[in-house]
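Q: what follows is a predicted protein model with its sequence.
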Amino acid sequence: MSSLAALSSLPDDLVDASTFFDVSLDMLCIRDMEGRVVKVSRSWETTLGWSPEELEGQLLLTLLHPEDRPCTQVTVDQVEDLASGGFVSGFVNRYRHKDGSYRQLEWQARRYGNKIYAVARDVTGREAAHKELEAAKVAAEAASQAKTDFLANMSHEIRTPLNGVIGLIGALQADDLTPRQRELVDLIAQSGESLERLVSDILDVSKVEAGQLEIVPVDMDLLDELEPAIATARAKAEARDLTFTVTVGPSARGRFLADAGRIRQVLTNLLSNAVKFTREGEVAVSLDIEDDTPEPEVSQLTLVVTDTGVGFDAEAAQGLFERFTQADSTITRRFGGTGLGLSICRALTEMMGGDIRAISTPGQGSTFTVTLPLCRTRSLEAYDAGKLAYQARAELAPLRPARVNPDALVRVLLAEDHPVNQRVVEAMLVGQPYDLTIVENGALAVEAVANGAFDVVLMDMQMPVMDGLAATRAIRAAEAARAAAAGQAPRRLPILMLSANAMPQHLEQAKDAGADQHVSKPVTPTTLLGALEAAVTARAVG
């Protein structure tokens, strides 16, 4: 009897099953409990080169890659365990092709009676693509980390000499200078500030790209936090003979839950641009708060910065908030900058749930409007009452506690390996009530603290022999050991991390090591003296 005649004599359901095995694109397989093939589909020959006739009666696992035997045996035991349901899905292993190569198969199998019914699919291409994708992901992450490490290192390397420029210029500005000398010194100071801003912008962009830029809401006084940015912009505007006006709305005051530093950064950037791009006329800033907007118990802060500067057209406005984009990108452009500032402003504003937009007319000026949602931490009435009470107390007592002995010299230990930075701190403290001792690495700092009496330590982070973090930890451990031996609470020596490592992870590392404060380079005389005074005062009254 021919095979066709034999097939026609079979029941229809068996004919359908046999036909299904012949036409199935997936690799169908039936095996017994000893692992021998009972029946496989024709697709096995298409995929692995072995015909059904060659496979039937053979042990299936003889085609398995030797390295895959241990893990495959686990799944074999699972599928053969009828008590647990005898089912396996999604398992991948390698089977040998007739030409000696291997293909990756993905399996689904179930036990029924004394047979194992399985379906396999060739996923060699998919697995290869997956490995390529994983490799590309690893490479991208490594490249991103390398870029982050590079930027952190470059930040340190740029800030170190920049600290010498800005620090020494700050010290020089305190001297008696001729008008010509003061003009030149002020120009150098402005250039140093521009370079510092450039470094900060590049680091912020890298953090935005890496998803590392964080918003940290705190309970803050709105006007107190924004006043320094406004005061700095006013001084720069008046130095260019520009009118500078500030308008504060009737409800634009109080305490709010918000990231004060990021709001101040946005406002500083907008005001700095307004002053830079305005040759004559006016720069104005207005602040307003609308409570219960856009929903109850939410307040909307609106910051508006207006200038009468060069302005920009509609075409420039389209890419204004994109990175590295400037309204004037020609080689003859009159104004410097990287085109990063407004991009950072937009990123920060959106991260805080707000919006930033701009309108402008070429030759007439620009208006930038920022709206941000804030939450009051106390009512406006309670805030005003608290302010009145604070002012009354301030009239009766000094704002800051005085030192125990204001006439005594403050003994300062500086751990700094860079000669220029040593000279910067030394120049800043000339004429001030500070007695400075300098050591060149962290190990010498630990030794000096153990053998001498100091009121405060200025600790560089990156030094040879022993870095500033290790030195700080050693000093804190020694304090704890002495206190334990005496049965007393440790008396902390104020340690200020004075470092060009200024990225968020560096600040966190300094805090974890036991530093009381992180003062980022480049440092100005005002910043350094303020930090020293605060540290010494806190220790005196602590």
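A: That came through fine. Residues are numbered from 1 along each chain as shown.
Q: lowest confidence element among the helices and strands of this protein?
A: Least confident element among the helices and strands of the chain, by mean pLDDT, DSSP states H and E: helix 3-8 (a mean of 36).
Q: any idea how far E127 is from G90?
A: 12 Å (Cβ to Cβ, to the nearest Å). In this view, the C-beta of every residue, glycine as well, is placed from N, C-alpha and C.
Q: err, G164, not the other one
A: Going from G164 to E127 by Cβ to Cβ gives 56 Å.
Q: equivalent analysis for P419, please.
A: 58 Å.
Q: okay, these two: which has more neighbours?
A: E127 (16 against 11; other Cβ atoms under 10 Å).
Q: in which helix or strand does the more buried one reside?
A: helix 124-173 (DSSP states H and E).
Q: please apply the same query to A477.
A: Per DSSP H and E: helix 468-486 holds A477.
Q: now that helix, how far from the centre of its chain.
A: Here helix 468-486 is found 31 Å from its chain centre; the criterion is Cα atoms, centre = their mean, to the nearest Å.
Q: okay, and the beta partners of the closest residue to D68 other than its chain neighbours?
A: Excluding the flanking residues, the one nearest D68 by Cβ to Cβ, 6 or more residues apart in numbering is N93, at 4.2 Å. Beta-bridge pairing of N93, defined through DSSP bridges, involves L105.
Q: stretch 495-508: end-to-end distance?
A: One end of stretch 495-508 sits 15 Å from the other (Cα to Cα, to the nearest Å).
Q: now the element after the helix or strand that contains V449, going C-ward?
A: Assigned by DSSP H and E, V449 belongs to helix 442-451. With elements assigned by DSSP H and E, the helix or strand that comes after helix 442-451 is strand 456-459.
Q: just checking, what packs against that following strand?
A: With contacts taken as 3 or more Cβ pairs under 8 Å, 6 or more residues apart in numbering; DSSP states H and E, strand 456-459 sits against strand 410-415, helix 442-451, helix 468-486, strand 495-499, helix 525-541.
Q: what's around T371, how many residues?
A: 19.
Q: so it, which of the three states?
A: In three-state terms, and counting by DSSP: H, G, I helix; E, B strand; the rest coil, T371 is strand.
Q: find the nearest non-adjacent residue to V420, please.
A: Closest to V420 by Cβ to Cβ, 6+ apart is G164, at 4.1 Å.
Q: quickly note the distance from D99 to G49.
A: From D99 across to G49, the span is 6 Å (Cβ to Cβ).
Q: compare the two (neighbour count), which wins?
A: Neighbours were counted for D99 and for G49 using other Cβ under 10 Å; G49 has more, 15 against 7.
Q: measure how buried T19 is and give me the count.
A: When neighbours are defined as other Cβ under 10 Å, T19 has 11 of them.
Q: host element of it?
A: Assigned by DSSP H and E, T19 falls within helix 12-23.
Q: in a helix, E196, correct?
A: Yes: the assignment for E196 by three-state DSSP puts it in a helix.
Q: what's the spacing between it and K521?
A: 9 Å.
Q: the two - which one has more neighbours?
A: K521 (27 against 19).
Q: that one reaches M497, doesn't it?
A: No: using Cβ atoms under 8 Å, K521 is not in contact with M497; the gap is 10.3 Å.
Q: mind listing what the residue nearest to V420 touches?
A: 420-421, 423-424, 522 (Cβ atoms under 8 Å, 6 or more residues apart in numbering).
Q: picking that back up, next SSE downstream of the helix holding T19?
A: Beyond helix 12-23 on the C-terminal side, the first helix or strand identified by DSSP H and E is strand 27-32.
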